[in-house]
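Student: following is a predicted model, sequence given first.
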Amino acid sequence: MALFKALTGTGRLYAALLLVSTLLVSACGWHLRGDYQPSPAYRNIVVLSDASPELTRILNRQMNLRGWKVATNNQNAPASIHIEPVSYDRRTLTINSAGQIASYELTAELTAHVSHEFYGDTDLVVTAMRRFDNDVNRVIATTTEEAEQKRAIQNELVERLLLRLGALHNPMSS
């Protein structure tokens, strides 16, 4: 505050302009975070999924919210995406002083096969990772925490998949 008082009238104006412009730029970045448009080549797409019903529901909802037109058959869309089941890998991350598992690392991988009538086939692979604690005295709490982490991973996998799909053959993302 003393620095602001020490500034002259012009200095205060520059400082105020700098502050306002910084706030505006950071606010725009926050607003645009996660806001992306589908590639025109893949805007109309058929979704085929062998993944869990929960992940498929999340994917369809996010695609509809972000501007994709999810078609029901290949006659209505030039592209299709086939989602494979998510593969999870849980490994021990740390061990406590009693030799018991203290925390786990949960890694997931999602593979999607994308086909387009003009661009051909492309495989997209996205991964996500979470860490969670293991309470050896409360097994149900650990199981619940793992289930919550899997739900969070599913959301992250869908987000990453849509980012990759949105950039695929998109002239605006280059």
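Tutor: Now that the structure is in, tell me what you want to look at.
Student: below-threshold pLDDT in this protein: ranges please.
Tutor: 1-9, 20-36, 74, 171-174 (pLDDT under 70).
Student: where along it do the strands fall?
Tutor: 44-49, 69-71, 79-83, 87-95, 101-116, 120-133 (DSSP state E).
Student: in this structure I81 contacts A51, no?
Tutor: No: if you go by CB atoms under 8 Å, I81 and A51 don't touch, sitting 11.1 Å apart. Using the backbone N, CA and C atoms, a C-beta is placed for each residue, glycine as well.
Student: so which of these two has more stuff around it?
Tutor: Higher neighbour count among I81 and A51: I81, with 24 against 21, using other CB atoms under 10 Å.
Student: from S103, how far out is that one?
Tutor: Remark: distance between I81 and S103 (CB to CB, to the nearest Å) = 34 Å.
Student: from memory D123 sits against V114, does it?
Tutor: Yes: using CB under 8 Å, D123 makes contact with V114 at a distance of 7.4 Å.
Student: so the longest helix anywhere in the chain versus strand 101-116, what angle?
Tutor: The longest helix of the chain (DSSP state H) is helix 139-167. Calculated by axes from the mean of the first three to the mean of the last three CA atoms, to 10 degrees, helix 139-167 forms an angle of 30 degrees with strand 101-116.
Student: skipping its backbone neighbours, what lies nearest S80 in space?
Tutor: V46 (4.1 Å; CB to CB, 6 or more residues apart in numbering).
Student: for the one you found, what are its contacts?
Tutor: Residues in contact with V46 (CB atoms under 8 Å, 6 or more residues apart in numbering) are 70-74, 76-77, 79-81.
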